[in-house]
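J.: Pasting the sequence and the predicted coordinates here, then a few questions.
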Amino acid sequence: MSNSEIRFIDTTLRDGNQSLWALNMKIGAMLPAAEQLDQAGFESLEFFVGAFKKRVRDLKENPWEWLREGAKRFRKTRLRWHGSSSGSFEKVPRCIRKLIIERFASYGITLNRTSDPWNDFSDFNELDDLKEFGMDLVLNVIFSVSPRHTDEYYEQKTKEAAAIKPWRICFKDVGGLLTTERVQTLIPIVLQNAGDIPVEFHAHCNTGQAPLCYLEGVKLGMKILHTAVPPLANGASQPSVFNIAKNLRLLGYTPMVDLEPLEAVEKHLTAVAKREGLPIGRPPEYDHSQYLHQVPGGMISNMRHQLKLVGMEQKMDAALEEAIHVRRDFGYPIMVTPLSQFVGTQAAINVITGERYKEVPDQIIQYALGYWGNDAPKVMDPDIRDKILSRSDAKKWSEFETPEPSLHEIRQKFGVTISDEELILRFFAGDAAVDSLPVGIKPCEYVDTRQPALKIIEQLAKQKKNRQVYIKRSDFSIRMKKLFDPKEDA
């Protein structure tokens, strides 16, 4: 890679979809975009996140269909999945995590980007599993703002990440909290302490500063950037590939991406957004309060919902203010899943009850005991920790050991004859949700205006809600009308 060449990782279908559309994009909407994304010259593309429960329960889709059908359409671009070893709300047995890696690898996914919410790499045990199935690891070092997250902290954490010998390190600004001034001091530290391991730069646009931070990072030596295609760029997502590529060229760099096929992707996804009533990412206005409470956008909507359930939605500003105090009490955890949810939920409860820590969920007791990270008991306010652990149900959790069942034991529960893929679905989504999935029906692709007219007519005709299809051009029009079918209308 020459000094002027800047390479790109695409996040449209994964982080863009997750940050802006809460993973509500249907498989049929993703498929038409795949081949054009593959033509753009991305170094790799974020293809999947392990949200099995979401896709099965909410979207009524089999996520393995995306693996099967989607992976076929990427012939030039290396595919990656995003999954955290300990960043979810449920502890997943290692045998299931290993099975997921094996199945993903079977579809040609050869990269995994993962995090520890505390940047704790002392007990990272998945590297061997990834290597066993031919996958390379991209290990996140997550940026945060607090008295604990100093230059010295990131010097040490980058060294610890590099010591594991991942394929790459990804410097990740999940909250969009970086400023150009902080980039100038911090990026050189990260690059220097990564040694000979390449570093990627992944930032969200929550405060509107990520595009400027990318350009400043490139000037300091960053060569690999994470971007998304509008309408799934900006907002809480990554910067727009169009914007970053244009500005890099003006600065004398060579962006290694072909924007022409991405124009069709933008057009298609914008049509999907309008059809489904999904938001279009836009550059946000600067909001300094984000630096104070650091609650992610998705969490804010969840806190508002919690307050609304008890008729206290007007207390939202108070809850965000309380989140500042709770985060300080908890030792300034990085505001990523699940730690951000713990802070936000406890803040909402404190506001609802009118007394701090009068009510405490089990997860907060677990947090104080180190169940969600060894650092938590060390960095918490000792008086707050004592108050939480003085509760009667704390003893139960102090004696709790995380179960680590074997794959054989899990199969006894969900079925000894089902496939590995069905077992994974049932483990995460439950039997009832999996049983309700349609069988033998492939995802129906959304109409793509780049397709021949005959194929568009064919797809429109298959949609039961359409009684008529009418297509008009300046010199041509055609109208088709369905005949009455008593069985269909019964």
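T.: Received the coordinates, thanks.

J.: Do you know the pLDDT at the most centrally placed residue in the chain?
T.: The centre of the chain sits closest to residue 15, judged by Cα atoms, centre = their mean, with a distance of 4.4 Å. According to the per-residue confidence, residue 15 scores 93 in pLDDT.

J.: cool, and residue 449?
T.: According to the model's per-residue confidence, residue 449 sits at a pLDDT of 55.

J.: Please apply the same query to residue 33.
T.: Residue-level confidence at residue 33 comes out at 96, pLDDT.

J.: do residue 484 as well
T.: pLDDT, residue 484: 55.

J.: ok, now residue 416?
T.: Residue 416 carries a pLDDT value of 93.

J.: Return the distance of it relative to residue 422.
T.: 12 Å (Cβ to Cβ, to the nearest Å). All C-beta atoms are positioned from the backbone trio N, CA, C, and that covers glycine.

J.: could you pull out the helices for the stretch 351-490 of the chain?
T.: Counting by DSSP state H, counting those that start in this stretch, the stretch 351-490 of the chain forms helices over residues 362-369, 376-379, 382-389, 394-398, 407-414, 420-429, 431-435, 453-462, 486-489, given from the N-terminal end onward.

J.: Check the secondary structure at residue 118 for me.
T.: coil (DSSP: H, G, I helix; E, B strand; the rest coil).

J.: oh, I was asking about residue 138
T.: Classification of residue 138 into helix, strand or coil gives strand, according to three-state DSSP.

J.: list the contacts for the spatially closest residue to it that is not a sequence neighbour?
T.: For residue 138, ignoring the flanking residues on the chain, the nearest one in space by Cβ to Cβ, 6 or more residues apart in numbering is residue 113 at 4.0 Å. Residues counted as contacts of residue 113 (Cβ atoms under 8 Å, 6 or more residues apart in numbering) are 46, 80, 81, 82, 137, 138, 139, 140, 170.

J.: what do you get for residue 211?
T.: 205, 239, 240, 243, 244, 247, 283.

J.: Turn those into JSON lines, including pLDDT, secondary structure and distance to residue 377.
T.: Converted to JSON lines, the contacts of residue 211 look like this (pLDDT from 0 to 100; DSSP: H, G, I helix; E, B strand; the rest coil; distance: Cβ to Cβ, whole Å):
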{"residue": "205", "pLDDT": "94", "secondary structure": "coil", "distance to residue 377": "34"}
{"residue": "239", "pLDDT": "98", "secondary structure": "coil", "distance to residue 377": "37"}
{"residue": "240", "pLDDT": "98", "secondary structure": "strand", "distance to residue 377": "42"}
{"residue": "243", "pLDDT": "98", "secondary structure": "helix", "distance to residue 377": "43"}
{"residue": "244", "pLDDT": "98", "secondary structure": "helix", "distance to residue 377": "41"}
{"residue": "247", "pLDDT": "98", "secondary structure": "helix", "distance to residue 377": "45"}
{"residue": "283", "pLDDT": "90", "secondary structure": "coil", "distance to residue 377": "40"}
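
J.: Most neighbours of all the residues you listed, which one?
T.: Neighbour counts for these peak at residue 239, which has 27 neighbours (criterion: other Cβ atoms under 10 Å).

J.: just checking, the residue nearest to residue 138 is part of a strand?
T.: Yes - according to three-state DSSP, the state of residue 113 is that of a strand.

J.: Now do the same for it: its pLDDT.
T.: Each residue has a pLDDT score; the one for residue 113 is 96.

J.: now do the one 10 residues further on
T.: We have a pLDDT of 78 for residue 123.

J.: That one belongs to a strand, doesn't it?
T.: No - note on residue 123: no strand contains this position according to three-state DSSP, which reports coil.

J.: what sits against the residue nearest to it when sequence neighbours are not counted?
T.: Using Cβ to Cβ, 6+ apart and skipping residues adjacent in sequence, the residue nearest residue 123 is residue 374, 8.0 Å away. If a contact means Cβ under 8 Å, 6+ apart, then residue 374 has 118, 120, 122, 123 as its contacts.

J.: just residue 148 next, same as before
T.: Residues in contact with residue 148, defined by Cβ under 8 Å, 6+ apart, are 331, 332, 379.

J.: Show me the shaky parts of the protein.
T.: Per-residue confidence for the chain (pLDDT under 70) gives these ranges: 1, 84-89, 297-298, 301, 447-467, 469-477, 480-490.
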